[in-house]
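Participant: Would you be able to build a 3D model of this:
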Amino acid sequence: MKYVKKIVTFFLLLASFRSYSQTEKLNQFWNEYAFTKDLSQKWVLELNFGLTTSGSAENPKMFHNVTQLYVRGWMHYYPAERWKLSLFYAYFYNKNVPELNQEKSPELRSALQATYNLFKQDRLKINLRARFEDRHLENEESNFEAVARFRFQIKAVYPLYFLKIEENSTYLFASEEVFFKTKSAVSGPDFFDRNRATIGLGIPIKKDFQIEVSYANEIMPRDPNNQIVNAVQVNLIFNNLLPNVIKSFQRTKTAVDDGSSGL
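Facilitator: Now for the predicted structure:
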C-alpha cells in the first residue's frame, strides 16, 4: 500500500505543477471503436478505428475540424495474472493537429507496452502502464522523421455493483499519464511532451459491448504558448466480434484486465 500512496502522490504533484502564464485552450472530441478477439487464455487480438476533432483559436467548438484519423492493430499477451504485454502498429492521418508544426503530417507508429496490476483489494484496482512508441512523421519534404516517445500511466478502476446491466457492473475509472519524447522539426524540441488526466464512466450495454465516456485534460508545455486541451472522449468496445480466425474462445479475465481500450 505504501508504494501505491507514493505513486499517487507523485502524479498528483506532477498534475498540480502547471503554468498558466501563456496558454492556448482547445476543446476536442476523441472517439475510438475497439474490436477484440480472444485467441486463447494468453493471446488476444485488437483492432481500433478512431478520430479526433478539435476547435481552434478562432473557433472554440470541439467539432470545428477533423484533425486525426487512425487505424491500429494490437496483439496482447498475458504471461501471468498481473501482467499484460502488448504491441501495435498503426497509421495516423494528421491534419491541422494543434501541437504539430505543419498542416499535414501522416504518421506510421508502432509501440511496445507493459501493463502491471499494482493493487487489487475489494473493488478497487490500480494498474501501471508503460509504453514506448516509435513514431515516424512525414515532413514537408516527404521524408519521415523518427520520434521516440515514452508514456507512463497510473489508472484506477472502481466497479459500481449497484449499477448492473446483464450482470456486468458499471465502473468508474481515473488515470494520470505523462509523456516524454525526442525532438524533431514536426513535433517540436520539447522533451516533456504532455500530462494527461482522465476521469470517466464505463457502461456495459451487453456482455460483449460496452461504452466508455470520459473527460480528459491535457497540458502541453510549448514555446511561446502552453496548450491546454479539454476533451470529451467516447469509446465503443466490442469484444469477440472480429472474424473467427480460429475456433471461438472466451478467455477468463485476470487481475490486469480493466475493460478499457488502448488509447
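Participant: What about residue 26, how many residues nearby?
Facilitator: By the measure other C-beta atoms under 10 Å, the count of residues near residue 26 is 22. C-beta: built from backbone N, CA, C; applies to glycine.
Participant: Determine the longest strand present in the protein.
Facilitator: The strand spanning the most residues in the chain, taking DSSP state E as the definition, is strand 144-165.
Participant: Quick check: what element follows that strand along the chain?
Facilitator: strand 168-181 (DSSP states H and E).
Participant: Tell me the strands beside the next helix or strand after that next one, with direction?
Facilitator: Per DSSP H and E, the first helix or strand lying C-terminal to strand 168-181 is strand 192-206. Using DSSP bridges, strand 192-206 pairs in its sheet with strand 168-181 (antiparallel), strand 209-220 (antiparallel).
Participant: Sketch out the low-pLDDT regions of this protein for me.
Facilitator: Along the chain, the parts satisfying pLDDT under 70 run over 1-21, 163-167, 242-247, 259-263.
Participant: can you give me the helices for it?
Facilitator: Ranges of helices within the chain are 2-16, based on DSSP state H.
Participant: For the longest strand of the chain, output the C-alpha coordinates as PDB.
Facilitator: Extracted in PDB, the C-alpha atoms of strand 144-165 (Å, rounded to 0.1, in the frame of the first residue of the first chain):
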ATOM      1  CA  PHE A 144       9.700  10.600 -42.400                       C
ATOM      2  CA  GLU A 145      11.200  12.000 -39.100                       C
ATOM      3  CA  ALA A 146      11.700   9.500 -36.300                       C
ATOM      4  CA  VAL A 147      10.400  10.500 -32.900                       C
ATOM      5  CA  ALA A 148      10.600   8.200 -29.800                       C
ATOM      6  CA  ARG A 149       8.000   8.800 -27.100                       C
ATOM      7  CA  PHE A 150       7.700   7.200 -23.600                       C
ATOM      8  CA  ARG A 151       4.400   7.200 -21.800                       C
ATOM      9  CA  PHE A 152       3.700   6.200 -18.200                       C
ATOM     10  CA  GLN A 153       0.200   5.900 -16.700                       C
ATOM     11  CA  ILE A 154      -1.400   5.100 -13.400                       C
ATOM     12  CA  LYS A 155      -5.100   4.100 -13.600                       C
ATOM     13  CA  ALA A 156      -7.700   3.200 -11.000                       C
ATOM     14  CA  VAL A 157     -10.900   1.300 -11.800                       C
ATOM     15  CA  TYR A 158     -13.800   1.000  -9.300                       C
ATOM     16  CA  PRO A 159     -16.900  -1.000 -10.200                       C
ATOM     17  CA  LEU A 160     -20.400   0.200  -9.100                       C
ATOM     18  CA  TYR A 161     -22.100  -3.100  -8.100                       C
ATOM     19  CA  PHE A 162     -25.500  -1.300  -7.600                       C
ATOM     20  CA  LEU A 163     -25.500  -0.300 -11.300                       C
ATOM     21  CA  LYS A 164     -25.500  -3.600 -13.100                       C
ATOM     22  CA  ILE A 165     -26.600  -4.300 -16.700                       C
END
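Participant: what helices or strands is that strand leaning on?
Facilitator: helix 2-16, strand 124-138, strand 168-181, strand 192-206 (3 or more C-beta pairs under 8 Å, 6 or more residues apart in numbering; DSSP states H and E).
Participant: Give the buried residues for it.
Facilitator: Residues of strand 144-165 classed as buried under the neighbour-count rule (16 or more other C-beta atoms under 10 Å) are 145, 147, 149, 151, 153, 154, 155, 156, 157, 159.
Participant: Next: stretch 223-238.
Facilitator: Within stretch 223-238, the residues that qualify as buried are 226, 227, 229, 231, 232, 233, 235, 236, 237, 238, counting by 16+ other C-beta under 10 Å.
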